[in-house]
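Participant: what would the 3D arrangement of this be:
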Amino acid sequence: MAADWSKKEIKEYVSTMEEVNTHEKLGQFYDGFAPFYDKAVKSFGYVGPSLIANFLQKYVKSKDAWIFDVAAGTGLVGECLVDTGYTNIDAVDGSETSIEVARKKNIYKNLYVEWLGGDNKLNIKNDNYDALVCAGGFMLNQLKSDVFPEFIRVVKPGGYILINMRTKWFTVEPSYRDGKLEGDMAQVEEEGKWKLIERHTDIQESDQTSETFVYRVC
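Facilitator: Numbers count the residues shown, from 1 in each chain. As a prediction, the model looks like this:
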């Protein structure tokens with residue numbers, strides 16, 4: 001493909017995501033997409049990174065706080081966090097090429113190439129971060145609710161977990177449908193592990209409408 005993808009080419013590439021259902025395939029998908037990712041998603045009006053950065057400012061006032069960017073990709077969220085003044089940010093993503101793109105931006109302290117979910121446990125100590133942010137990680141064939149225990153493990157009690165995802169995925173991703181993902185979120189709250197502080201719907205044109213969840217770790 002050409003260096004500058006057309007919207008048609010982007011849609012054709014993204015349409016193959018239905019077949020991307022293993023970590024190996026996800027890695028290959030995003031390794032191929034990484035060099036063009038930033039420009040491609042911005043052309044569709046993707047605002048998840050800026051939204052989650054704005055919500056973080058509302059709840060985490062210290063700009064010296066340690067923030068963990070999960071499913072960081074090429075670093076779009078990290079750029080927004082730096083723009084709002086945060087200085088201590090780590091990142092994790094399963095795509096090595098995406099992480100290398102992010103590394104060149106010089107916005108992260110530590111970067112990890114690892115997958116989350118299932119029995120995978122990050123090589124990060126308990127209660128390590130003041131907040132965890134995840135924009136775009138919950139979508140078709142990607143993060144599932146089995147990552148919540150690991151999210152909570154690495155965030156300090158009283159710290160925050162912020163998740164931004166497009167609303168469409170609640171009906172497209174099989175493991176989210178019929179209220180399943182929201183039910184799993186509520187179950188974690190019932191178990192006393194986190195508390196929902198805020199849920200916000202951001203209305204956008206086309207299919208870019210998104211939900212932002214803000215949880216405080218118990």
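Participant: can we go C-alpha only for contacts and neighbour counts from here?
Facilitator: Will do.
Participant: which strand runs longest in the chain?
Facilitator: strand 155-166 (DSSP state E).
Participant: tell me the average confidence for the helix or strand following that one?
Facilitator: The element immediately downstream of strand 155-166 (helix or strand, assigned by DSSP states H and E) is helix 169-172. The pLDDT scores in helix 169-172 average 94.
Participant: buried ones in helix 169-172?
Facilitator: By neighbour count on 16 or more other CA atoms under 10 Å, the buried set for helix 169-172 is Trp169, Phe170.
Participant: check what contacts that helix and list those residues.
Facilitator: For helix 169-172, contacts defined as CA atoms under 8 Å, 6 or more residues apart in numbering pick out Phe138, Met139, Leu140, Tyr176, Arg177, Asp178, Gly179, Leu181.
Participant: hmm, 7 Å instead?
Facilitator: Met139, Leu140, Tyr176, Arg177 (CA atoms under 7 Å, 6 or more residues apart in numbering).
Participant: got it, and stretch 62-74?
Facilitator: 34, 85-93, 98-99, 101-102, 129-134, 137.
Participant: can you mark which positions in that stretch are buried?
Facilitator: In stretch 62-74, counting by 16+ other CA under 10 Å, buried: Trp66, Ile67, Phe68, Asp69, Val70, Ala71, Ala72, Gly73, Thr74.
Participant: the third one belongs to a helix, doesn't it?
Facilitator: No - under the criterion used here (DSSP: H, G, I helix; E, B strand; the rest coil), Phe68 is strand, not part of a helix.
Participant: what's across from it in the sheet?
Facilitator: Asp90, Leu132 (DSSP bridges).
Participant: the helices in the protein, which residues?
Facilitator: Counting by DSSP state H, one finds helices in the chain at the ranges 7-14, 23-43, 48-59, 76-83, 96-103, 148-154, 169-172, 180-190.
Participant: my read: Glu173 touches Leu140, true?
Facilitator: Yes - using CA atoms under 7 Å, Glu173 is in contact with Leu140, at 4.9 Å.
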